[in-house]
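A.B. asks: Mind looking at a prediction? Sequence and model below.
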2 protein chains.
Amino acid sequence: MSPMDSAADGTATPDDARQRTPFDTPGERGSSSVVDQAAQDAREGDAGPADHGVQHMKWYGWGREGVGFDHRDKPRLRPFVIENVDVDLDTPGAPALDFDQLPVPESRAPQELLDALGRAVGRGHVHTGAMERVVHTYGKSLTDLVRLRAGDLPRTPDVVVYPADEDAVRAVVDATTAADAVLVPFGGGSSISGSLHPPRDEERPVVSLDLGRMNKVLEVDEHSRLARVQAGVLGPDLEDQLGARGWTMGHVPDSFTHSTLGGWVATRSSGAQSDKYGDISDMTRALRVVQPGRVVATRPVPSQATGPSVREMLIGSEGRLGVITEVWVQVHRLPEKREILAYFYPSFEAGVAAMRDIAASDAATTLTRVSDARETAFSFATRKKSKGVSKYVSRGLMAVLKRRGWDLDAVCLSFVGFEGGPDKVKADQAVVRDVVKRHGGIVVGKGPGQLYDQKKFDTPYIRDYLLDRGALADVSDTAAPWSQLLPLYTHVRREADKAFARVGVKGWIMCHLSHSYHGGACLYFTFAFRQTSDTPLVEYDVVKGAVQQAFVDAGGTLSHHHSVGVEHARWLAEDISPAGREMLGELFAAVDPDGRLNPGAVVQERSS
Amino acid sequence: MSPMDSAADGTATPDDARQRTPFDTPGERGSSSVVDQAAQDAREGDAGPADHGVQHMKWYGWGREGVGFDHRDKPRLRPFVIENVDVDLDTPGAPALDFDQLPVPESRAPQELLDALGRAVGRGHVHTGAMERVVHTYGKSLTDLVRLRAGDLPRTPDVVVYPADEDAVRAVVDATTAADAVLVPFGGGSSISGSLHPPRDEERPVVSLDLGRMNKVLEVDEHSRLARVQAGVLGPDLEDQLGARGWTMGHVPDSFTHSTLGGWVATRSSGAQSDKYGDISDMTRALRVVQPGRVVATRPVPSQATGPSVREMLIGSEGRLGVITEVWVQVHRLPEKREILAYFYPSFEAGVAAMRDIAASDAATTLTRVSDARETAFSFATRKKSKGVSKYVSRGLMAVLKRRGWDLDAVCLSFVGFEGGPDKVKADQAVVRDVVKRHGGIVVGKGPGQLYDQKKFDTPYIRDYLLDRGALADVSDTAAPWSQLLPLYTHVRREADKAFARVGVKGWIMCHLSHSYHGGACLYFTFAFRQTSDTPLVEYDVVKGAVQQAFVDAGGTLSHHHSVGVEHARWLAEDISPAGREMLGELFAAVDPDGRLNPGAVVQERSS
């Protein structure tokens, strides 16, 4: 099994077979190309019977086996990447390690702990096999993938357990405490901030608690529009269970297909439709969290004045305050009408200004997004060859813009989502049309919006495809007040270019505004450059570090929705102040004085 | 000076002279009947010159001297109160204590501490006089007022300081720490949960830090729609400063005229217009908090994934985590159009069901409120004698309802607020009209809404007026999911009636739904009964305790927006779980191991 095979094997691509609900579901689900993970576990010599039924992503990258990106039906992408990243997508990369050659350290779990865990979750749900432990060692950050592919596995969990319910989680936590072990909760494994791997120098046994079997919608309070859901459910499964009863949660982060409700809550996630549905902290009305010797349980009340919000203390806790087992979330009826319209702006400045005005207008939109000229060019480059009518529409539109004097290289693509009854959608679209016009933009129509909607979960596949071919690509997100967005944008672009120069590569950075709020917005940057040395993480750190530093230097936050983990911890004090970081450390130490709960995440830098 | 004089002296009433901005300002501001507090301090023998310029409420009740409620122009109120509370408003109450007869304990502040505080804030801003210390001993809960009027002053602050800026606050905190003293931050003094008074048995010196001089809007980031504001500003002053630049914060809690921004944040306040503007936790985008030896400062970013939210840990901290000095809040342009329409429903059930449907409809309303039949009857009883046209309109409407077969004793009055451009207001009103119709309600029109808008800050004056005349009246608020609201309502009514029976009085309890959310709403109860013994707080506790216990027993929260303080602390573990309460205690102890910061509030019951 080689990472290089995944994308070029001609099997399912992530943008096939879509659109079963308004909230896009992943192409690979139900596809015959999905590997049977349980069978695979058994093959790799796992001790117990792998009957957990939990499917994981590829050990070396994003998505399930047999699903990947392919550039060959997108004729403009290869020249685009050659020109901007200096990498030829037609050249196959060097072969990577086989799983069997990975230097997986032996499990250090003492038999007593394994026995206690067996009593807690059932013997068949305690795993010490190599594949299980490797899958649970890292998330899917670029750093994680590069390390994995390089066989850099200084420390893995010693044992992976799959509890079936909260009682089993409590028993696991108790067993961990009794054995002086460390506990890392694991949802979909989609973290890109390094919040899943055990510290390199952790001497105590490490238990990975996989919530994958806890995947049920337990209750829908239809009158209150609230659902009680187990934390381990994956996005598509959650939306299927809710959808069968006519409801949706409306949370669609880019990781949707492979991330869990508990993971969203633990990392303060935000989805593309946050303008309407809110961030996960808005949707989460209550939760249950298992801590050593106790369970914190809040009530699903809509608002309350009960001191500092315990609910908010647990949201974003990244495993440091225990294991999230259940969440009460807001749910909504499927909207009567749903449309995503595309718009063009003559500049990013104009587009951002329009998003700002929309946010305070009488229109209640679902999503507001505008790409800079570079990301717009990239979008165009990833389109399949246009045929027939759409080819002529496309050419005709460009001709119109040219006649209007637009610089076609500066065009910025924007999407705005609308939901509700037909009257509301119509009224909102009219309000937005006026704002767009005022900022010199034009309405493009529905087609590109449908395309965006179908492709919105593909980005991580493209990153892996590039990595397979020797290009390091990654994302960084921030949020800032409206007044600081454009200075921040300029600063980040400049600092990234300086970093590329330091590394000595032709680098590419692009951006879109992805979430709007009354007082500001999220800017989402994607960057890529060619790997030129045997120490890719050194170069990567120069670029990633420059981008992150530029965020906090320009008044932004270190992350809008990717969380802190370990990879962003070095900017925490600059973001929330040294005293703020101290407070978080004090809270973690007070609740978990022995540092057993995902030690290091959030507040502590570590080289790991 | 007697509490009994305040309302009957024929001076300004709280519902005079209104409507300078869309957000109602208090009648007493600028009125010549306001007492000069500085002069009064000097008269009471305060050491330094009382040049702080901070005006406080009456020491024995709500509002400024010379402003009070009067029933004599409301002909239906006296018979209403006789019938339902067994109290005759025409009978003057027994005279209360003169201030000079209050047994105010001596200040225990050591000279060293006074000197250090003088260096911190300037000698003229350090006060040890009796009036200053009494004003800062209690908030305005019914318990506070009964104690004060009974001369129950076991412990007062030993010294009151008025810092001018954050540096001075830091110096005060340092001086307090150095002197092994205790610090209680003080905003408007409007707390009704007992979060301001020092523990009865506190041996250490107690410093009250009054933020009244820190009352400036420091900065408006107009592009970001954010304002940086000092925490000590009172509601009307804040809205005046913002209004002069064309902005509003839109936060109008019932305490608006006498509460401060810092107090709102410290208690997780919510205002009547929360449907649009959000709770204070939504409006507060960042804050600065002085803790011993450090300042926590968050950034005004619209959203962020930086671990547990430090911002949310400080909101609602009631002084336990330090002194809030500055807040970044969201501000909004004054709306083009603003209307509050009144509706009638044939039952509370119908009204609540309509509010629920409005919350998930395409209408974006500003406020949603519906009173039960009892509160509706009370509203009618507090109206001035209607004359001319309005008299006939009123009679005509009732005749219509009668013809339609309504039980006039069951009529429930509702208000819904609308804001935005004329098209949006019109569209929203049409959506709401349909919902109202579906639930059997009818549109009444604009008149009562204007009246509501003008009177919305009067309730505490009525409470004091009743207390002056031997009736104990108070409020309790909760929030619950939509599905649990009516069972909770029924349970509270029943438990209150049982409590009245235990006390042996004719009691009155009424309710309105005051804030709507996607998943639930706030129910706001008001109760009153005649004082029949010399131990009014014992009887009060029977009733108040029954109401609060009914909240948590029926799935509600102990308070939607009145905070925990000391008076609600006994229900905290039932609300947020014992482990949740422990977590709060652990956080407080970690940040403030010596328990110097408003000790006892939130987590610790105490008899005080």
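C.D. replies: Thanks, I have the structure now.
A.B. asks: quick one: low-confidence ranges for chain A?
C.D. replies: A:1-51, A:93-96, A:386-393, A:605-608 (pLDDT under 70).
A.B. asks: Are there helices or strands packed against the longest helix along it, and which ones?
C.D. replies: The helix spanning the most residues in chain A, taking DSSP state H as the definition, is helix A:482-503. For helix A:482-503, the packing partners by 3 or more C-beta pairs under 8 Å, 6 or more residues apart in numbering or on different chains; DSSP states H and E come out as helix A:348-359, strand A:507-516, strand A:520-530, helix A:536-553. (Each C-beta comes from the backbone N, C-alpha and C, glycine too.)
A.B. asks: and B:Asp407, which of these is closest to it?
C.D. replies: Each of these has some distance to B:Asp407 by C-beta to C-beta; the shortest is helix A:348-359, at 45.9 Å.
A.B. asks: For that closest one, buried residues please.
C.D. replies: A:348-359 (16 or more other C-beta atoms under 10 Å in any protein chain shown).
A.B. asks: Residues in contact with it: which ones?
C.D. replies: Outside of helix A:348-359, the residues that reach it under the criterion C-beta atoms under 8 Å, 6 or more residues apart in numbering or on different chains are A:275, A:343, A:345, A:365, A:368, A:370-373, A:412, A:414, A:416, A:431-432, A:435-436, A:438-441, A:482, A:485-486, A:489, A:511, A:513, A:516-518, A:521, B:223.
A.B. asks: Please indicate which of the residues you listed are buried?
C.D. replies: Among these, those buried by neighbour count (16+ other C-beta under 10 Å) are A:275, A:343, A:345, A:365, A:368, A:370-373, A:412, A:414, A:416, A:431-432, A:435-436, A:439-441, A:482, A:485-486, A:489, A:511, A:513, A:516-518, A:521, B:223.
A.B. asks: so of these, which ones are in helices?
C.D. replies: Using DSSP H, those in helices are A:275, A:373, A:431-432, A:435-436, A:482, A:485-486, A:489.
A.B. asks: Which of these sits closest to chain B?
C.D. replies: Using C-beta to the nearest C-beta, A:Trp482 is the member of those that lies nearest chain B, at 4.3 Å.
A.B. asks: Name the nearest residue to the closest one, ignoring sequence neighbours.
C.D. replies: Of all residues not flanking A:Trp482 in the chain, B:Ser224 sits nearest, at 4.3 Å (C-beta to C-beta, 6 or more residues apart in numbering or on different chains).
A.B. asks: related to what we said a few turns ago, and the helices and strands packed on helix A:482-503 as JSON lines, adding distance to B:Lys446?
C.D. replies: Written out in JSON lines, the entries for those read as follows (distance: least, C-beta to C-beta, whole Å):
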{"stretch": "helix A:348-359", "distance to B:Lys446": "30"}
{"stretch": "strand A:507-516", "distance to B:Lys446": "33"}
{"stretch": "strand A:520-530", "distance to B:Lys446": "36"}
{"stretch": "helix A:536-553", "distance to B:Lys446": "49"}
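A.B. asks: contacts for stretch A:311-318?
C.D. replies: When contacts are taken as C-beta under 8 Å, 6+ apart, the neighbours of stretch A:311-318 outside the stretch itself are A:195, A:265-268, A:280-281, A:284-287, A:289, A:296, A:298, A:321-322, A:324, A:563-565, A:587, A:598, A:601-602, B:305-309, B:312-313, B:583, B:587.
A.B. asks: interface residues of the stretch 351-500 of chain A facing chain B?
C.D. replies: Along the stretch 351-500 of chain A, the residues adjacent to chain B under the rule C-beta under 8 Å from any C-beta of the partner chain are A:356, A:360, A:362, A:364, A:420-421, A:423-424, A:427, A:479-484.
A.B. asks: Repeat the analysis, applying 10 Å as the threshold.
C.D. replies: Applying the criterion C-beta under 10 Å from any C-beta of the partner chain, the portion of the stretch 351-500 of chain A that neighbours chain B consists of A:353, A:356, A:359-364, A:419-425, A:427-428, A:430-431, A:477-486.
A.B. asks: Which PyMOL command selects the buried ones in the residues you listed?
C.D. replies: Selecting only the buried entries of those in PyMOL, with 16+ other C-beta under 10 Å as the criterion:
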select buried, chain A and resi 353+356+359+361+362+363+364+419+420+424+425+427+428+431+477+478+479+480+481+482+483+484+485+486
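A.B. asks: is chain B contacted by stretch A:545-565?
C.D. replies: Yes - contact of stretch A:545-565 with chain B is found when judged by C-beta under 10 Å from any C-beta, involving A:552, A:555-565.
A.B. asks: From these, pick the one nearest A:Pro105.
C.D. replies: For the residues of stretch A:545-565 next to chain B, with A:Pro105 as the reference and C-beta to C-beta as the criterion, the closest is A:Gly565, at 22.0 Å.
A.B. asks: got a list of what that closest one touches?
C.D. replies: Taking C-beta atoms under 10 Å, 6 or more residues apart in numbering or on different chains as the contact definition, A:Gly565 lies against A:139, A:141, A:191-197, A:267, A:318-319, A:559, A:598, A:600-602, B:305, B:307.
A.B. asks: B:Leu287 versus the residue minimising distance to the centre of chain A, what's the distance?
C.D. replies: Per C-alpha atoms, centre = their mean, the C-alpha nearest to the average position across chain A is that of A:Ser255, at 3.9 Å. A:Ser255 sits at a distance of 31 Å from B:Leu287 (criterion: C-beta to C-beta, to the nearest Å).
A.B. asks: A:Gln241 and B:Glu112: what is the separation?
C.D. replies: Relative to B:Glu112, and taking C-beta to C-beta, A:Gln241 is found at 66 Å.
A.B. asks: So for these two, which residue has more residues nearby?
C.D. replies: The residue with more neighbours, out of A:Gln241 and B:Glu112, is A:Gln241; 18 against 12, by other C-beta atoms under 10 Å in any protein chain shown.
A.B. asks: quick one on the thing from earlier: in strands only, show me the contacts of stretch A:311-318.
C.D. replies: Secondary structure assignment (DSSP state E) places A:284-287, A:289, A:296, A:324 from the contacts of stretch A:311-318 within strands.
A.B. asks: Out of these, which are close to chain B?
C.D. replies: Counting by C-beta under 10 Å from any C-beta, the subset of the ones in strands among the contacts of stretch A:311-318 that neighbours chain B consists of A:285-286, A:289, A:296.
A.B. asks: Most neighbours out of the residues you listed, which is it?
C.D. replies: Within those, A:Val289 tops the neighbour count with 33 neighbours, counted by other C-beta under 10 Å.
A.B. asks: Identify the bridge partners of it.
C.D. replies: Listed beta-bridge partners, A:Val289: A:Val296, A:Ile324 (assigned using DSSP bridges).
A.B. asks: Double-check it against B:Met583; I have them as touching.
C.D. replies: Yes - contact status for A:Val289 versus B:Met583: in contact at 9.3 Å, counting by C-beta atoms under 10 Å.
A.B. asks: what sits in contact with each of these two?
C.D. replies: A shared contact of A:Val289 and B:Met583, defined by C-beta under 10 Å, 6+ apart, is any residue touching both; here these are A:296, A:310, A:313-314, A:321-322, A:591, B:577.
A.B. asks: need those in a markdown table with distance to B:Met131, can you?
C.D. replies: Formatted as a markdown table, these follow (distance: C-beta to C-beta, whole Å):
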| residue | distance to B:Met131 |
| --- | --- |
| A:Val296 | 44 |
| A:Val310 | 39 |
| A:Met313 | 40 |
| A:Leu314 | 45 |
| A:Leu321 | 46 |
| A:Gly322 | 49 |
| A:Val591 | 44 |
| B:Ser577 | 43 |
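A.B. asks: closest to A:Glu339 among these?
C.D. replies: Nearest to A:Glu339, judged by C-beta to C-beta, of the shared contacts of A:Val289 and B:Met583 is A:Leu314 at 36.0 Å.
A.B. asks: ok, so what distance separates the residue of chain A most remote from its centre from A:Leu397?
C.D. replies: Ranked by distance from the centre of chain A (C-alpha atoms, centre = their mean), the top residue is A:Arg403, with 40.5 Å. Distance, A:Arg403 to A:Leu397, by C-beta to C-beta: 11 Å.
A.B. asks: repeat for A:Arg133
C.D. replies: A:Arg133 sits 53 Å away from A:Leu397, going by C-beta to C-beta.
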